[in-house]
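> generate a structure from the sequence data that follows.
(one chain, ligands or ions: 1)
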Amino acid sequence: MDYQATLERIHNALKPVIGQGKVASYIPELANVPPEQFGMAVVELDGTVHSVGDAQVRFSIQSVSKLFALTLAFQREGDSLWARVGREPSGNPFNSLVQLERESGIPRNPFINAGALVITDILASRFTAAETATSSFLSRVSARPDVTYNARVAQSERQTSSRNAAMAHFMKSFGNLHNRVGDVLDAYCRTCAIEMSCVDLARAVGFLVNRGVNPWNNETVLDASSTKRLSALMLTCGTYDAAGDFAFRVGLPAKSGVGGGIVAILPGECGICVWSPALEETGNSYAGSLALEMFTTFTGKSIF
Ligand code: GLN
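Sure, this is the predicted structure:
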């Protein structure tokens with residue numbers, strides 16, 4: 001399969017629409033990111049990298065971090081995790097509060113903000129700093145020693161995090177948040193502000209592509225069954241309330257973030273990451289979603 005030629009074909013086809021949509025502006029620092037950027041990378045299991053455009057530029061991974069925080073929490077807690085967070089698509093925006101009251105402070109899934117706050121709380125109970133646990137984990141799985149967060153972006157989000165704070169307090173009232181709300185929010189915002197490139201992230205999902213084994217150092221991250229479960233969650237919940245449409249159009253497990261990144265896996269073959277900061281209404285990258293749709297159409301490869 002000539003992935004390089006496929007990426008170039010996608011990049012050319014998308015040139016007229018790159019920049020269409022809106023960059024996330026509710027996090028003030030993200031509003032300054034120029035929208036007309038586009039990068040895409042494919043990393044095969046033998047380590048071969050294919051890339052186009054801005055694939056080496058580091059961007060704010062935002063909710064893509066939820067995938068790695070969850071992996072770490074699942075690795076430590078096992079199935080007892082599911083007593084505190086569900087695994088159903090929410091059908092609601094990623095920052096919605098509406099289901100929390102009816103469902104007694106148990107978020108629908110770990111990929112919406114409420115769910116990720118619970119995951120951060122779990123990590124905060126197990127590690128000295130939840131954000132460092134996740135960035136170190138990302139370093140290991142991406143084989144890149146210097147994964148860190150952007151302090152300005154973290155602070156910018158923290159200062160405007162009333163909505164996430166509301167969720168966290170609400171869950172605490174139900175006993176589903178054990179650490180101090182302020183500490184969980186600090187760690188959550190820092191984790192969202194981690195910066196990585198498409199190449200880094202396409203490499204970082206190698207363990208999901210490879211049935212739970214990190215292909216870059218042969219360490220077992222998750223067993224095959226847990227890998228299957230996380231991949232299923234990506235497919236059903238990874239792109240917020242657009243997950244059904246995304247599965248329909250793309251047919252790959254994926255996780256997106258409001259920084260405009262989307263990471264996807266083709267099990268047994270490759271990790272894929274696309275980044276373009278302008279978003280569609282659901283908070284997924286507009287050009288990024290189209291790029292992944294083209295990827296499965298042009299290659300004829302998906303999980304189906
Ligand atoms: N940091 C963002 C928030 O909490 C993450 C959301 C996202 O990427 N969907 O709102």
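> close to the ligand: what parts of the chain are there?
Residues of the chain lying close to the ligand by C-beta under 6 Å from any ligand atom are Q62, S63, F94, N95, N113, E157, N164, C192, G257, V258, G283. Heads up, the C-betas are built off the backbone N, CA and C, glycines and all.
> which of these sits closest to D223?
Of all the residues of the chain next to the ligand, the one with the least separation from D223 (C-beta to C-beta) is S63, at 25.2 Å.
> could you check how far the host helix or strand of R203 is from the centre of its chain?
Following DSSP states H and E, one finds R203 within helix 198-204. Taking C-alpha atoms, centre = their mean, to the nearest Å, one finds the center of helix 198-204 at 12 Å from the center of the full chain.
> who touches it?
Residues external to helix 198-204 that are found in contact with it (C-beta atoms under 8 Å, 6 or more residues apart in numbering): 39-43, 49, 51, 54-58, 61, 64, 68, 138, 141-144, 147, 196, 216, 261, 263, 270-275.
> let's see that with 6 Å instead.
Residues outside helix 198-204 that contact it (C-beta atoms under 6 Å, 6 or more residues apart in numbering): 39-41, 43, 49, 51, 55-56, 138, 141-142, 144, 263, 271-273, 275.
> can you check stretch 143-163 too?
With C-beta under 6 Å, 6+ apart as the contact definition, stretch 143-163 has outside contacts at 27-29, 60, 95, 135, 138-139, 185, 189-190, 193-195, 200, 216.
> end to end on that stretch, go ahead and measure it.
With C-alpha to C-alpha, to the nearest Å as the measure, stretch 143-163 spans 34 Å from end to end.
> buried ones in it, by neighbour count?
The neighbour-count check on stretch 143-163 (16 or more other C-beta atoms under 10 Å) flags R144, V147, T148, Y149, N150, V153, A154, Q155, S156, E157, R158, S161 as buried.
> pLDDT at R152, what is it?
On the pLDDT scale, R152 is placed at 97.
> cool, and A166?
On pLDDT, A166 comes in at 97.
> same check on L97?
pLDDT, L97: 88.
> same question for the one 4 residues further on.
Here, the pLDDT recorded for E101 equals 90.
> ok, the nearest residue to it once chain neighbours are set aside to V42 distance?
Spatially, and ignoring its direct neighbours in sequence, E101 is nearest to F170 (7.4 Å; C-beta to C-beta, 6 or more residues apart in numbering). According to C-beta to C-beta, to the nearest Å, F170 stands 41 Å off from V42.
> which one's more surrounded, those two?
V42 (28 against 18; other C-beta atoms under 10 Å).
> buried sites along the helix or strand that contains that one?
According to DSSP H and E, V42 maps onto strand 39-44. The neighbour-count check on strand 39-44 (16+ other C-beta under 10 Å) flags G39, M40, A41, V42, V43, E44 as buried.
> tell me the SS of the residue nearest to E101?
What DSSP: H, G, I helix; E, B strand; the rest coil gives for F170 is helix.
> show the pLDDT at it.
For F170, the pLDDT comes out at 95.
> for the stretch 51-200 of the chain, which segments are assigned as strands?
For the stretch 51-200 of the chain, the strands defined by DSSP state E, counting those that start in this stretch cover 59-60, 195-196.
> CSV for those, including mean pLDDT and mean neighbour count?
Shown next, in CSV, are the strands of the stretch 51-200 of the chain (pLDDT from 0 to 100; neighbours: other C-beta atoms under 10 Å):
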stretch, mean pLDDT, mean neighbour count
strand 59-60, 98, 26
strand 195-196, 98, 23
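> mind checking which of those strands is nearest A73?
strand 195-196 (19.5 Å).
> partner strands of that closest one, with direction?
Pairing partners of strand 195-196, with direction, according to DSSP bridges: strand 59-60 (antiparallel).
> now do the partner strand: distance to the chain's middle.
Chain-centre distance of strand 59-60: 11 Å, with C-alpha atoms, centre = their mean.
> could you do stretch 293-304 as well?
20 Å.
> residues contacting the strand holding V42, please?
Strand 39-44 is contacted from outside by 3, 7, 49-55, 198-199, 202-203, 270-275, 291, using C-beta under 6 Å, 6+ apart.
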